[in-house]
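Visitor: The following comprises the amino acid sequence and a computationally predicted model.
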2 protein chains.
Amino acid sequence: MAKYKSKHGYEGLLIVIEGTDGSGKSTQISKLKRWIEDQSYGAMVSEWKTSKFIADAINDAKDRNLLNATTFSLLYAADFADRLEQVIIPALKAGFVVILDRYIYTAYARDVVRGHNIEWLKNLYDYAPEPDMVFYLDVPVEILLKRIIGTTGLDYWESGRDIGLSSDFYKSFQIYQGKCLEEYHKMIEEYGFIALDGTLTEKEIHKKIISQVKNILEV
Amino acid sequence: MAKYKSKHGYEGLLIVIEGTDGSGKSTQISKLKRWIEDQSYGAMVSEWKTSKFIADAINDAKDRNLLNATTFSLLYAADFADRLEQVIIPALKAGFVVILDRYIYTAYARDVVRGHNIEWLKNLYDYAPEPDMVFYLDVPVEILLKRIIGTTGLDYWESGRDIGLSSDFYKSFQIYQGKCLEEYHKMIEEYGFIALDGTLTEKEIHKKIISQVKNILEV
């Protein structure tokens, strides 16, 4: 299926879509999945944080606003390790194109903003398979803010309110997301992200994604 | 309270009792706690794996025999990070003698036996405060086996049955605990454990522990 030997050595392909909440990831992911299936390949989507029993622990702790940054970080890592073993690797072995809605880069951004050392984090995730392609949907904070206020509203964690950046919710979101975007931007070069202007139309972004995916998928 | 500057820089003291199940830890811990209280110091005991919400996740997953070694390892680490922040550090700051029933060395032994890289593990726990004193209760596998069969019975995980060492439960326990003991033995020198012969009487072991604790506690 792959045009070249995949980076992780499995039969399938690993495609990551990174971006903050409100960057338009979900729309692009479902469009990409449909397109891949139209080319007669099996595709599946896996989201950051979905293993039920760990998600319960995370949500329970979030509700009680109990967790320190290290515990959080380790719970997400445990969740990822579980999902990797139970879902992602079996799917890759079976030759699926696995589309990941966020990946370890999201953990890096969030945790570095919360004061973790990046080398500690890289070690924590050193068993994560290298993706074949990473798209990054880049959207400026001001536009994210408008989109989110118009839809899901300001989430406590996505506004970084746990780290007390500002008592003003709006301001806290701005500062927190601004810091996360800085971290994503630092990673663009290091990890070879394909950065896309997330303010383009859905159709335009989809077209750009497809043209890149064609480079690694035999169609 | 401490006779010398504690290794972690907090007011209190951190004393670890390490040893496998059946090594007699619990008895020694409650004797030590009582003795410390008799010297008019505050003492508290904290066990490896006690944060409720994470313990639930671990138990739930254990029941379903679902977890791979990495997920397990990370869940224990998350549990420890939580307990450290919520319990251990506040107690140390308040000047307590904190007696820990197992510590990161247990994680090292169990996880190395399950195939983890020791350097990865050391990084995982690099934020753990250095204990002021570590006791290691050394008991040969054959004696552990007799003690455990006579009391709690052969636990699935403590017999390493998750890693398929033998289909014979008795044999599996022997091999698994033997491997863990090897790992503990390797750590004695590296971390300056005070190794104690766990086959002595309760009273003799207690006396040895007290005589060492007197070196770091003003009594």
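Guide: Cool, got the structure. Residues are numbered from 1 along each chain as shown, chains lettered A, B, ... in the order given.

Visitor: what comes up buried for the longest helix anywhere in chain A?
Guide: Determined from DSSP state H, the single longest helix within chain A is helix A:169-190. Residues of helix A:169-190 classed as buried by neighbour count (16 or more other C-beta atoms under 10 Å in any protein chain shown): A:172-181, A:183-184, A:187-188. From N, CA and C alone the C-beta is placed, and that goes for glycine too.

Visitor: mind putting the residues you listed in TSV, distance to A:G115 and pLDDT included?
Guide: Listed next are the buried residues of helix A:169-190 as TSV, based on distance: C-beta to C-beta, whole Å; pLDDT from 0 to 100:
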residue	distance to A:G115	pLDDT
A:S172	16	91
A:F173	19	90
A:Q174	19	92
A:I175	15	93
A:Y176	13	93
A:Q177	17	92
A:G178	16	94
A:K179	11	95
A:C180	13	94
A:L181	17	94
A:E183	12	96
A:Y184	17	96
A:M187	18	96
A:I188	22	96
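
Visitor: Kindly reformat the residues you listed as TSV and extend each row with distance to A:R110.
Guide: Below are these laid out as TSV (distance: C-beta to C-beta, whole Å):
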residue	distance to A:R110
A:S172	14
A:F173	14
A:Q174	16
A:I175	14
A:Y176	9
A:Q177	11
A:G178	13
A:K179	10
A:C180	7
A:L181	12
A:E183	8
A:Y184	10
A:M187	12
A:I188	17
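
Visitor: A:G19: which of these is nearest?
Guide: A:Y184 (7.9 Å; C-beta to C-beta).

Visitor: measure the closest one to A:D155 for me?
Guide: A:Y184 is 18 Å from A:D155, where distance means C-beta to C-beta, to the nearest Å.

Visitor: The residue in chain A sticking out farthest from the centre: which element?
Guide: Relative to the C-alpha centroid of chain A, counting by C-alpha atoms, centre = their mean, A:S167 is the outermost residue, at 27.3 Å. In this structure, A:S167 sits in neither a helix nor a strand according to DSSP states H and E.

Visitor: Please apply the same query to A:E119.
Guide: helix A:118-124.

Visitor: As PDB, could you dump the C-alpha coordinates of that helix?
Guide: Extracted C-alpha coordinates of helix A:118-124, given in PDB (Å, rounded to 0.1, in the frame of the first residue of the first chain):
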ATOM      1  CA  ILE A 118      11.000  18.400  27.100                       C
ATOM      2  CA  GLU A 119      13.700  15.700  27.400                       C
ATOM      3  CA  TRP A 120      11.700  14.000  30.200                       C
ATOM      4  CA  LEU A 121       8.700  14.000  27.900                       C
ATOM      5  CA  LYS A 122      10.600  12.600  24.900                       C
ATOM      6  CA  ASN A 123      11.800   9.800  27.000                       C
ATOM      7  CA  LEU A 124       8.300   9.200  28.300                       C
END
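
Visitor: Can that helix be said to contact chain B?
Guide: Yes: contact of helix A:118-124 with chain B (C-beta under 8 Å from any C-beta of the partner chain) involves A:W120, A:N123, A:L124.

Visitor: Need the residues that contact that helix.
Guide: A:S73, A:L74, A:A77, A:A107, A:Y108, A:D111, A:V112, B:L74, B:W120, B:N123, B:L124, B:D126 (C-beta atoms under 8 Å, 6 or more residues apart in numbering or on different chains).

Visitor: Stretch A:159-176 now?
Guide: Contacts for stretch A:159-176 (C-beta under 8 Å, 6+ apart): A:N65, A:A69, A:V113, A:R114, A:V141, A:L145, A:I148, A:L154, A:Y156, A:E158, A:Q177, A:K179.

Visitor: what's around the closest residue to the fourth one other than its chain neighbours, how many residues?
Guide: Leaving out its chain neighbours, the residue that sits closest to A:R114 by C-beta to C-beta, 6 or more residues apart in numbering or on different chains is A:A69, at 4.1 Å. With neighbours defined by other C-beta atoms under 10 Å in any protein chain shown, the count for A:A69 comes to 17.

Visitor: Kindly report the same for the one 10 residues further on.
Guide: Close neighbours of A:D79, defined as other C-beta under 10 Å, add up to 25.

Visitor: moving C-terminal of the worst-scoring helix or strand of chain A on mean pLDDT, what's the next helix or strand?
Guide: In chain A, no helix or strand scores lower on mean pLDDT, DSSP states H and E than helix A:52-64, which sits at a mean of 68. Next helix or strand after helix A:52-64 toward the C-terminus (DSSP H and E): helix A:69-83.

Visitor: Report the rounded mean pLDDT for that next one.
Guide: This predicted structure assigns helix A:69-83 an average pLDDT of 87.

Visitor: Stretch A:72-82 near chain B anywhere?
Guide: Yes: using C-beta under 8 Å from any C-beta, stretch A:72-82 comes into contact with chain B via A:L74, A:L75, A:A77, A:A78, A:A81, A:D82.

Visitor: okay if I get the residues you listed as JSON lines plus distance to A:S26?
Guide: Formatted as JSON lines, these follow (distance: C-beta to C-beta, whole Å):
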{"residue": "A:L74", "distance to A:S26": "27"}
{"residue": "A:L75", "distance to A:S26": "23"}
{"residue": "A:A77", "distance to A:S26": "24"}
{"residue": "A:A78", "distance to A:S26": "25"}
{"residue": "A:A81", "distance to A:S26": "24"}
{"residue": "A:D82", "distance to A:S26": "23"}
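
Visitor: Ranking by neighbours, what's the top pick from these?
Guide: A:A78 (30 neighbours).

Visitor: So which bits of the helix holding A:E119 are buried?
Guide: A:W120, A:L121, A:N123, A:L124.

Visitor: can you list these in TSV and add distance to A:D132?
Guide: As requested, those are exported to TSV (distance: C-beta to C-beta, whole Å):
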residue	distance to A:D132
A:W120	26
A:L121	22
A:N123	23
A:L124	22
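
Visitor: Low-confidence bits of chain A, can you list those?
Guide: A:1, A:4-5, A:50-54, A:61-67 (pLDDT under 70).

Visitor: try 90 this time
Guide: A:1-9, A:20-22, A:47-76, A:78-79, A:81-83, A:85-87, A:114-115, A:145-170, A:218-219 (pLDDT under 90).
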